[in-house]
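>>> predicted model follows, preceded by the sequence.
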Amino acid sequence: MNHKDLKNNDMTLGLLSAVEADSSVTQRSLASELGIALGLTNSYLKRAVDKGLVKIKHIPSHRYLYYLTPKGFSEKTRLTGEFLKASLNFYKKARNECDKIIYRLELENIKYILLSDNNEFAEIFVLSALKTKVKVIGLLGDAPSNIGIPVYKIFPKKLKIDVLIITCLRTTDERYKYLSNFINKKKIIIPSVLKHNNEKIK
(Lines give C-alpha, C1' and ligand atoms only; values in the text may rest on other atoms or scores of the structure.)
Protein backbone atom coordinates (compact mmCIF):
# COMPACT_ATOMS: atom_id res chain seq x y z
CA MET A 1 0.00 0.00 0.00
CA ASN A 2 1.47 3.36 -1.01
CA HIS A 3 1.66 6.53 1.08
CA LYS A 4 -1.39 8.11 -0.62
CA ASP A 5 -3.57 5.08 0.18
CA LEU A 6 -2.35 5.07 3.79
CA LYS A 7 -3.21 8.76 4.14
CA ASN A 8 -6.69 8.24 2.64
CA ASN A 9 -7.32 5.32 5.01
CA ASP A 10 -6.10 7.39 7.95
CA MET A 11 -8.47 10.25 7.06
CA THR A 12 -11.40 7.90 6.46
CA LEU A 13 -10.81 6.16 9.79
CA GLY A 14 -10.66 9.54 11.56
CA LEU A 15 -13.89 10.64 9.91
CA LEU A 16 -15.76 7.40 10.72
CA SER A 17 -14.52 7.49 14.33
CA ALA A 18 -15.65 11.11 14.76
CA VAL A 19 -19.10 10.37 13.31
CA GLU A 20 -19.48 7.32 15.57
CA ALA A 21 -18.51 9.37 18.64
CA ASP A 22 -20.87 12.28 17.85
CA SER A 23 -23.63 12.13 15.24
CA SER A 24 -24.14 15.91 15.50
CA VAL A 25 -20.52 16.65 14.57
CA THR A 26 -20.16 19.53 12.10
CA GLN A 27 -17.99 19.57 9.00
CA ARG A 28 -16.01 22.43 10.52
CA SER A 29 -15.22 20.47 13.68
CA LEU A 30 -14.42 17.42 11.54
CA ALA A 31 -11.94 19.51 9.54
CA SER A 32 -10.31 20.69 12.76
CA GLU A 33 -10.07 17.16 14.15
CA LEU A 34 -8.63 15.73 10.93
CA GLY A 35 -6.28 18.69 10.46
CA ILE A 36 -7.37 19.35 6.86
CA ALA A 37 -9.22 22.07 4.96
CA LEU A 38 -13.01 22.29 5.12
CA GLY A 39 -13.35 21.61 1.37
CA LEU A 40 -11.25 18.44 1.62
CA THR A 41 -13.31 17.32 4.63
CA ASN A 42 -16.45 17.76 2.53
CA SER A 43 -14.90 15.56 -0.19
CA TYR A 44 -14.04 12.77 2.27
CA LEU A 45 -17.52 12.95 3.79
CA LYS A 46 -19.20 12.87 0.37
CA ARG A 47 -17.07 9.87 -0.61
CA ALA A 48 -18.09 8.07 2.61
CA VAL A 49 -21.76 8.76 1.87
CA ASP A 50 -21.40 7.59 -1.76
CA LYS A 51 -19.79 4.34 -0.54
CA GLY A 52 -22.67 3.76 1.87
CA LEU A 53 -20.50 4.15 4.97
CA VAL A 54 -22.29 7.21 6.38
CA LYS A 55 -25.94 8.24 6.30
CA ILE A 56 -27.05 11.88 6.60
CA LYS A 57 -30.27 13.01 8.28
CA HIS A 58 -31.52 16.58 7.93
CA ILE A 59 -32.90 18.16 11.10
CA PRO A 60 -34.44 21.61 11.81
CA SER A 61 -32.27 24.74 11.98
CA HIS A 62 -30.49 23.72 8.77
CA ARG A 63 -28.38 21.15 10.59
CA TYR A 64 -27.46 17.57 9.83
CA LEU A 65 -26.89 14.39 11.79
CA TYR A 66 -24.42 11.79 10.53
CA TYR A 67 -24.71 8.08 11.26
CA LEU A 68 -22.48 5.13 10.50
CA THR A 69 -24.25 2.46 8.48
CA PRO A 70 -23.60 -1.26 9.18
CA LYS A 71 -21.17 -1.10 6.24
CA GLY A 72 -19.56 1.93 7.87
CA PHE A 73 -19.04 0.06 11.16
CA SER A 74 -17.51 -2.86 9.26
CA GLU A 75 -15.17 -0.53 7.33
CA LYS A 76 -14.12 1.26 10.53
CA THR A 77 -13.20 -2.08 12.11
CA ARG A 78 -11.18 -3.08 9.04
CA LEU A 79 -9.36 0.26 8.89
CA THR A 80 -8.63 0.13 12.63
CA GLY A 81 -6.93 -3.24 12.15
CA GLU A 82 -4.86 -1.90 9.26
CA PHE A 83 -3.95 1.19 11.28
CA LEU A 84 -2.71 -0.87 14.22
CA LYS A 85 -0.69 -3.11 11.93
CA ALA A 86 0.82 -0.11 10.13
CA SER A 87 1.56 1.57 13.48
CA LEU A 88 3.43 -1.51 14.72
CA ASN A 89 5.43 -1.74 11.50
CA PHE A 90 6.21 1.98 11.69
CA TYR A 91 7.34 1.69 15.32
CA LYS A 92 9.76 -1.11 14.45
CA LYS A 93 11.20 0.80 11.49
CA ALA A 94 11.35 4.06 13.46
CA ARG A 95 13.11 2.46 16.44
CA ASN A 96 15.66 0.81 14.16
CA GLU A 97 16.25 4.11 12.33
CA CYS A 98 16.64 6.07 15.57
CA ASP A 99 19.15 3.54 16.90
CA LYS A 100 21.21 3.90 13.71
CA ILE A 101 21.16 7.71 13.86
CA ILE A 102 22.18 7.75 17.52
CA TYR A 103 24.99 5.23 16.89
CA ARG A 104 26.33 7.50 14.12
CA LEU A 105 26.06 10.60 16.30
CA GLU A 106 27.98 8.89 19.10
CA LEU A 107 30.76 7.92 16.69
CA GLU A 108 31.02 11.57 15.61
CA ASN A 109 30.89 12.76 19.24
CA ILE A 110 27.70 14.76 18.59
CA LYS A 111 25.76 15.21 21.81
CA TYR A 112 23.11 17.94 21.89
CA ILE A 113 19.97 17.18 19.87
CA LEU A 114 16.82 19.18 19.24
CA LEU A 115 13.74 17.40 17.85
CA SER A 116 11.51 19.29 15.42
CA ASP A 117 8.12 18.13 16.73
CA ASN A 118 6.61 16.85 19.94
CA ASN A 119 4.98 13.58 18.83
CA GLU A 120 5.20 9.77 18.86
CA PHE A 121 8.30 9.71 16.66
CA ALA A 122 10.07 12.09 19.05
CA GLU A 123 9.21 9.79 21.94
CA ILE A 124 10.75 6.85 20.07
CA PHE A 125 13.93 8.88 19.49
CA VAL A 126 14.14 9.84 23.18
CA LEU A 127 13.77 6.18 24.18
CA SER A 128 16.55 5.22 21.79
CA ALA A 129 18.81 7.92 23.24
CA LEU A 130 18.50 6.69 26.82
CA LYS A 131 21.76 5.35 28.27
CA THR A 132 23.77 6.85 25.41
CA LYS A 133 25.97 9.94 25.24
CA VAL A 134 23.41 11.65 22.99
CA LYS A 135 21.20 14.09 24.89
CA VAL A 136 17.83 15.33 23.64
CA ILE A 137 17.80 18.89 24.99
CA GLY A 138 14.43 19.98 23.65
CA LEU A 139 11.36 19.56 21.47
CA LEU A 140 9.56 22.11 19.33
CA GLY A 141 5.81 22.30 19.91
CA ASP A 142 2.92 23.80 21.85
CA ALA A 143 1.79 21.02 24.19
CA PRO A 144 3.81 19.97 27.26
CA SER A 145 6.02 16.92 26.83
CA ASN A 146 4.96 13.54 28.24
CA ILE A 147 8.59 12.45 28.50
CA GLY A 148 10.15 15.16 30.65
CA ILE A 149 11.92 17.02 27.82
CA PRO A 150 11.71 20.87 27.61
CA VAL A 151 9.30 22.07 24.90
CA TYR A 152 9.91 25.32 22.99
CA LYS A 153 7.19 27.13 21.06
CA ILE A 154 9.76 29.02 19.00
CA PHE A 155 13.23 27.97 17.89
CA PRO A 156 15.60 28.33 20.91
CA LYS A 157 18.44 30.27 19.28
CA LYS A 158 20.45 30.57 22.50
CA LEU A 159 20.49 26.81 23.06
CA LYS A 160 23.64 24.86 22.10
CA ILE A 161 22.37 22.56 19.34
CA ASP A 162 24.66 20.17 17.49
CA VAL A 163 21.97 18.55 15.36
CA LEU A 164 18.26 19.02 14.65
CA ILE A 165 16.32 15.82 13.95
CA ILE A 166 13.16 16.18 11.88
CA THR A 167 10.38 14.22 13.60
CA CYS A 168 7.41 15.74 11.72
CA LEU A 169 5.26 12.90 10.34
CA ARG A 170 2.99 14.61 7.81
CA THR A 171 4.61 17.65 6.21
CA THR A 172 8.28 16.76 6.50
CA ASP A 173 9.38 18.85 3.53
CA GLU A 174 7.64 22.01 4.76
CA ARG A 175 9.04 21.54 8.27
CA TYR A 176 12.55 21.06 6.90
CA LYS A 177 12.38 24.21 4.79
CA TYR A 178 10.99 26.28 7.65
CA LEU A 179 13.58 25.15 10.21
CA SER A 180 16.46 25.58 7.77
CA ASN A 181 15.89 29.33 8.28
CA PHE A 182 17.15 28.92 11.86
CA ILE A 183 19.89 26.29 11.59
CA ASN A 184 22.39 25.25 8.93
CA LYS A 185 20.95 22.56 6.65
CA LYS A 186 24.08 20.47 7.27
CA LYS A 187 22.97 20.18 10.89
CA ILE A 188 19.50 18.84 10.01
CA ILE A 189 18.90 15.09 9.82
CA ILE A 190 15.81 13.64 8.16
CA PRO A 191 15.22 10.00 9.18
CA SER A 192 14.76 7.78 6.11
CA VAL A 193 11.39 6.51 7.38
CA LEU A 194 10.05 10.04 6.89
CA LYS A 195 11.57 10.72 3.48
CA HIS A 196 8.42 9.67 1.59
CA ASN A 197 7.12 13.07 2.77
CA ASN A 198 10.28 14.80 1.67
CA GLU A 199 10.44 14.34 -2.10
CA LYS A 200 10.39 18.08 -2.84
CA ILE A 201 13.52 18.87 -0.85
CA LYS A 202 16.46 19.87 -3.01
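Arrived safely, thanks for sending.

>>> how does the chain divide into domains?
Residue ranges of the domains in the chain are recorded as 3-68, 93-197, according to automatic domain parsing.

>>> Arg78: which of those is closest?
Go through the domains of the chain one by one with CB to CB and the one that ends up closest to Arg78 is domain 3-68, at 9.3 Å. C-beta: built from backbone N, CA, C; applies to glycine.

>>> now find how far off-centre that closest one is within its chain.
Taking the mean of its C-alpha atoms, domain 3-68 sits 19 Å from the chain's own mean (CA atoms, centre = their mean, to the nearest Å).

>>> what of stretch 164-180?
Taking CA atoms, centre = their mean, one finds stretch 164-180 lying 11 Å from the centre of the chain it belongs to.

>>> for the most centrally placed residue in the chain, phi and psi?
Residue closest to the mean C-alpha point of the chain, counted by CA atoms, centre = their mean, is Leu169 at 4.1 Å. With angles defined as degrees, to the nearest 10, Leu169 shows backbone torsions of phi -90, psi -30.

>>> dump the residue contacts of it.
Each residue near Leu169 by CB atoms under 8 Å, 6 or more residues apart in numbering is listed here: Asp117, Asn119, Glu120, Phe121, Leu194, Asn197.

>>> ok, now Tyr112?
Each residue near Tyr112 by CB under 8 Å, 6+ apart is listed here: Lys135, Ile137, Leu159, Lys160, Ile161, Asp162, Val163.

>>> the nearest residue to it once chain neighbours are set aside: neighbour count?
Nearest residue to Tyr112, sequence neighbours excluded (CB to CB, 6 or more residues apart in numbering): Asp162, at 4.6 Å. Asp162 sits with 16 neighbouring residues when counted by other CB atoms under 10 Å.

>>> OK, contacts around Asp162?
Applying CB under 8 Å, 6+ apart, we find Asp162 in contact with Leu105, Ile110, Lys111, Tyr112, Ile113, Lys187.

>>> all set now, cheers.
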